[in-house]
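S.K.: heads up, no residue letters with this:
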């Protein structure tokens, strides 16, 4: 049974790739993920704020206490709260390349064009096989238009592409007025893949302390349907590769996403709950299903249920909305 796939020019043994998260922040767990069958890993993200905060701290000490950076920096977590600083992150890339035989994809997370983008080149020099660019931007300025927001994404991508020669994947959220339009803009700007979708965590309110607090909720299988729908629609509209992420927990989830056109499927929540061994189980279940349904390879099924290939293309558009409402009756 041939489970191999290709993603951003990287030849992978199968489509299972652990996404950026706690399990890809430690060398020991990265080894465990490889042993369990992961075809590649996306290292946990290095955040723009970590780099700018690190540089501000350096300026502060060099100026011997002079107030040389904005008060807002005090709202960032203390340096000790970050898992790894910028230099340690580069060391993790190099150590991971030495420790495992699967591709190592670095992850940069930011929302502006600035000096932090230089770390894309440093990640490449440290040995990263590819880069996942995670743009997490919440537009709160009423003077910032939709085209302004879209332009910012493209500027960041172009700035990163100017720094590196390794493949770059763009990890985005679904909140664009026209996702096909933006997908083409990303393709034209040089994106080698699109990762659908970034999961934006919403804040909560502590009623006792009257504070805004973070609230982590693991993804559910229902969330997988959003990337499924959009990969199905975008497959054929753009020539980029596709990685599906959010809510992927079983072999059936993987199969569905491959059939609509995903090249790889990224897992995180289920691995945090059940451990790296979950990958082994999913791969075995994949083989069993494919054998029972007479599929010889992942390539054979890839894109077979995309909008352009399925017998009812309208099922991915407004018709799905109407059928869903009537299905209750």
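M.R.: Right, received. Where do you want to start? Only a predicted model underlies this, so the values are computations on that prediction, with no experimental measurement involved.

S.K.: Every contact and neighbour count from this point should use C-alpha atoms.
M.R.: Will do.

S.K.: buried sites along stretch 19-26?
M.R.: Residues of stretch 19-26 classed as buried: 19-26 (neighbour count, 16 or more other Cα atoms under 10 Å).

S.K.: Likewise for stretch 230-238?
M.R.: Buried-residue list, stretch 230-238, by 16+ other Cα under 10 Å: 230-235, 238.

S.K.: before we move on, back to that, pLDDT and secondary structure for the buried residues of stretch 19-26 - can I get that in TSV?
M.R.: Converted to TSV, the buried residues of stretch 19-26 look like this (pLDDT from 0 to 100; DSSP: H, G, I helix; E, B strand; the rest coil):
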residue	pLDDT	secondary structure
19	96	coil
20	94	coil
21	91	coil
22	93	helix
23	94	helix
24	96	helix
25	95	coil
26	95	coil
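
S.K.: isn't residue 34 right up against residue 102?
M.R.: Yes: judged on Cα atoms under 8 Å, residue 34 makes contact with residue 102 at a distance of 7.2 Å.

S.K.: Name the residues contacting each of those two.
M.R.: residue 40 (Cα atoms under 8 Å, 6 or more residues apart in numbering).

S.K.: Pull the number of nearby residues for residue 112.
M.R.: Neighbour count for residue 112, taken as other Cα atoms under 10 Å: 16.

S.K.: ok, it to residue 183 distance?
M.R.: 19 Å (Cα to Cα, to the nearest Å).

S.K.: and what of residue 232?
M.R.: 13 Å.

S.K.: Break down the protein into its strands, ranges please.
M.R.: 5-7, 10-12, 16-18, 41-42, 46-47, 104-110, 130-135, 168-172, 193-196, 204-206, 211-213, 241-245, 264-267 (DSSP state E).

S.K.: buried set for the second one?
M.R.: Residues of strand 10-12 classed as buried: residue 12 (neighbour count, 16+ other Cα under 10 Å).

S.K.: what lines up beside it in the sheet?
M.R.: Strand 10-12 sits in its sheet next to strand 5-7 (antiparallel), going by DSSP bridges.

S.K.: Only the buried residues of the partner strand, if you could.
M.R.: So strand 5-7, judged by 16+ other Cα under 10 Å, has buried residues 5, 7.

S.K.: cool, and stretch 190-204?
M.R.: 190-199.

S.K.: ok, now stretch 132-142?
M.R.: For stretch 132-142, by 16+ other Cα under 10 Å, it's 132-137.

S.K.: residues in contact with stretch 205-215?
M.R.: Contacts for stretch 205-215 (Cα under 8 Å, 6+ apart): 201-204.

S.K.: one more time with 6 Å
M.R.: Stretch 205-215 is touched from outside by 203-204, with contacts defined as Cα atoms under 6 Å, 6 or more residues apart in numbering.

S.K.: Once you drop chain neighbours, what's closest to residue 123?
M.R.: Leaving aside its chain neighbours, residue 123 sits nearest to residue 90 (6.1 Å; criterion: Cα to Cα, 6 or more residues apart in numbering).

S.K.: Can you read off the pLDDT for the nearest residue to residue 5 once chain neighbours are set aside?
M.R.: Excluding the flanking residues, the one nearest residue 5 by Cα to Cα, 6+ apart is residue 12, at 5.3 Å. For residue 12, the pLDDT comes out at 98.
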